[in-house]
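Asker: Structure for the following, please:
(2 chains)
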There are 2 protein chains.
Amino acid sequence: MSAPTTPEAVVDLLGLVAYGELLAFDRMAADARLAPDLRRRAALSEMAAAEIGNYRRLSDWLTALGATPDDVMAPYVEPLQAYHDSTEPKDWLEAVTKAYVGDAITDDFLGEIADRLDEPYRRLVRDVLHESRYADFAAAEIRAAIETDPRVANRLSMWARRLVGEALSQAGRVAAADRGALTALIARDGTDVQATFRRLTAKHTARMAAVGLNN
Amino acid sequence: MSAPTTPEAVVDLLGLVAYGELLAFDRMAADARLAPDLRRRAALSEMAAAEIGNYRRLSDWLTALGATPDDVMAPYVEPLQAYHDSTEPKDWLEAVTKAYVGDAITDDFLGEIADRLDEPYRRLVRDVLHESRYADFAAAEIRAAIETDPRVANRLSMWARRLVGEALSQAGRVAAADRGALTALIARDGTDVQATFRRLTAKHTARMAAVGLNN
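Answerer: Residues are numbered from 1 along each chain as shown, chains lettered A, B, ... in the order given. Have a look, this model is predicted:
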């Protein structure tokens, strides 16, 4: 039996994810300018807009829990900003690969956490996971590019590995910035952190393979 | 009696507005970085996201009418880009004033056009008008800033006049880029263009006064 989820941990988690969504919106909206045509530009813009929808839901929950979203997000501003600064896409394919890899890892991570939370928090976190149609769009773009020029696979595989490396480095910075409740939640009594890590890695590897990229 | 709305004119109009939404999304998302705090940044980001929702509806309609959105939007890319390039906000208050003034003028213009269209086009165009809660947010920001420092009113009034001037200049460029059907629609038989212009101006003046700005 595990102890009930503390509201502090939930507030910190929601703050982290909320700021992640706000920043992802900002960067994805800017990346949309890299699109080769208006149809694709609109598609990435819509992916960005979906992040803001999720931000709003998290922010409303934070307020309902008696927290001030700005205060709760503040500790995570610097580490998340650092991630995006170090992974600025140079072209359209890097932008869609970042959207494809990054959103999915975030979702897997949230899914893992959600399953350890008590209700109503479990359902809340499950609710903000991304719609798969956006991932489908990004996956189709990557596959089509590799079909046209197989050498693209190597370049984008390297790029994806860099994204994951920077994300892990960012995770360390987030843990350092955390007030304690969030870290305690992730390493909650009975949680096998290594098993969690293996599951996240396996899902990432499968996702890479699904679009023709290698780990 | 007027002749029925031609589908060509509707397609051109929707193409113009759709590209306007796509570009407004892009610029407003970038402008959100000027926000003094995360709450305000999120609010402008949400206004931007609403533009993309409208873009999607217009784009779906264009496709349903047998048009290719990219082709229909193409003639308007340059003039609309020129408008935004010449009205890049320097700070947060210029950004919210641009959102407040610009979206409202677009909506008034669309409302005028909608009333001259046959169904189902009339309802379609009416449907993409913005939700007033976004304008309310921008208006509250402007009012609060003027209350704190009355000198702000002068600066923002000048900025708003520049926005309108650039928008009119852009409208001339749009008319020049148009293939003819759109211009014919706006100056449709029996339409008093001068009366339309007076109505749009009166609404703009009232809106400026409502937040403490002068024309």
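
Asker: Can you point out the buried residues in the host helix or strand of A:Phe137?
Answerer: Assigned by DSSP states H and E, A:Phe137 belongs to helix A:132-148. Within helix A:132-148, the residues that count as buried by 16 or more other C-beta atoms under 10 Å in any protein chain shown are A:Tyr134, A:Ala135, A:Phe137, A:Ala138, A:Ala139, A:Glu141, A:Ile142, A:Ala145, A:Ile146. C-betas here are computed from N, CA, C, even on glycine.

Asker: Quick one: residues contacting the first one.
Answerer: This points to A:Tyr134. A:Glu46, A:Met47, A:Ala50, A:Ala99, A:Asp103 (C-beta atoms under 8 Å, 6 or more residues apart in numbering or on different chains).

Asker: Swap in 7 Å and give it another go.
Answerer: A:Met47, A:Ala50 (C-beta atoms under 7 Å, 6 or more residues apart in numbering or on different chains).

Asker: By mean pLDDT, which helix or strand of chain A comes out lowest?
Answerer: helix A:181-186 (a mean of 75; mean pLDDT, DSSP states H and E).

Asker: list the helices and strands that one packs on?
Answerer: helix A:7-31 (3 or more C-beta pairs under 7 Å, 6 or more residues apart in numbering or on different chains; DSSP states H and E).

Asker: distance between the helix it packs on and the chain's centre?
Answerer: 9 Å (C-alpha atoms, centre = their mean, to the nearest Å).

Asker: what does stretch A:59-71 give?
Answerer: Centre to centre, stretch against its chain (C-alpha atoms, centre = their mean), the figure for stretch A:59-71 is 20 Å.

Asker: And the average pLDDT for that stretch is what?
Answerer: Mean pLDDT, stretch A:59-71: 93.

Asker: Identify each buried residue in it, please.
Answerer: A:Ser59, A:Trp61, A:Leu62, A:Ala67, A:Pro69, A:Asp70.

Asker: Residue numbers of chain A in contact with chain B?
Answerer: A:22, A:25-26, A:29-30, A:32-33, A:37-39, A:41-42, A:45-46, A:48-49, A:52-53, A:55-56, A:59, A:69-70, A:73 (C-beta under 7 Å from any C-beta of the partner chain).

Asker: Let's see the ChimeraX selection covering just the buried ones among those.
Answerer: The following ChimeraX line selects those of those that are buried, judged by 16+ other C-beta under 10 Å:
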select /A:22,25,26,29,30,32,38,41,42,45,46,48,49,52,55,56,59,69,70,73
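
Asker: any idea of the mean pLDDT for the host helix or strand of A:Ile105?
Answerer: Using DSSP H and E, A:Ile105 sits within helix A:92-114. The average pLDDT within helix A:92-114 is 89.

Asker: Give me the helices and strands touching that helix, please.
Answerer: helix A:7-31, helix A:38-64, helix A:121-127, helix A:132-148, helix A:152-177, helix A:193-210.

Asker: Stretch A:63-75: end-to-end distance?
Answerer: 17 Å (C-alpha to C-alpha, to the nearest Å).

Asker: ok now that stretch, how far from the chain's centre?
Answerer: 19 Å.

Asker: cool, stretch A:141-160 as well?
Answerer: Distance, centroid of stretch A:141-160 to centroid of chain: 21 Å (C-alpha atoms, centre = their mean).

Asker: before we move on, the earlier item: list just the nearest of the buried residues of helix A:132-148 to B:Ala171.
Answerer: B:Ala171 has its nearest neighbour among the buried residues of helix A:132-148 in A:Phe137, at 34.1 Å by C-beta to C-beta.

Asker: Can you get me a residue count around the residue lying closest to that closest one once chain neighbours are set aside?
Answerer: Here the nearest residue to A:Phe137 in space, its sequence neighbours aside, is A:Ala43; by C-beta to C-beta, 6 or more residues apart in numbering or on different chains that works out to 5.3 Å. Using other C-beta atoms under 10 Å in any protein chain shown, A:Ala43 has 22 neighbouring residues.

Asker: I'd like to know how far A:Ala43 sits from B:Leu65.
Answerer: 20 Å (C-beta to C-beta, to the nearest Å).

Asker: ok, now which ones touch the residue nearest to A:Leu38 when sequence neighbours are not counted?
Answerer: Excluding the flanking residues, the one nearest A:Leu38 by C-beta to C-beta, 6+ apart is B:Asp70, at 4.7 Å. By C-beta under 7 Å, 6+ apart, B:Asp70 lies in contact with A:Asp37, A:Leu38, A:Arg39.

Asker: hang on, the earlier thing: shouldn't the residue nearest to A:Phe137 be in contact with A:Asp136?
Answerer: No. Using C-beta atoms under 7 Å, A:Ala43 is not in contact with A:Asp136; the gap is 10.5 Å.

Asker: ok, A:Ala48 - contacts?
Answerer: A:Phe25, A:Met28, A:Ala29, A:Ala32, B:Ala29.

Asker: Touching, the third one and B:Ala29? I think so.
Answerer: Read that as A:Ala29. Yes. With contact defined as C-beta under 7 Å, A:Ala29 counts as touching B:Ala29 (3.5 Å).

Asker: Can you lay out the buried residues of helix A:132-148 as TSV showing pLDDT and distance to A:Lys203?
Answerer: Shown next, in TSV, are the buried residues of helix A:132-148 (pLDDT from 0 to 100; distance: C-beta to C-beta, whole Å):
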residue	pLDDT	distance to A:Lys203
A:Tyr134	84	17
A:Ala135	88	12
A:Phe137	93	19
A:Ala138	94	16
A:Ala139	96	14
A:Glu141	97	20
A:Ile142	97	17
A:Ala145	97	23
A:Ile146	97	21
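
Asker: Low-confidence bits of chain A, can you list those?
Answerer: Flagging of chain A using pLDDT under 70 yields the residue ranges A:1-4, A:130, A:189-191.

Asker: A:Trp159 and chain B: what is the separation?
Answerer: Note on A:Trp159: its distance to chain B, by C-beta to the nearest C-beta, to the nearest Å, is 23 Å.

Asker: No further questions, thank you.
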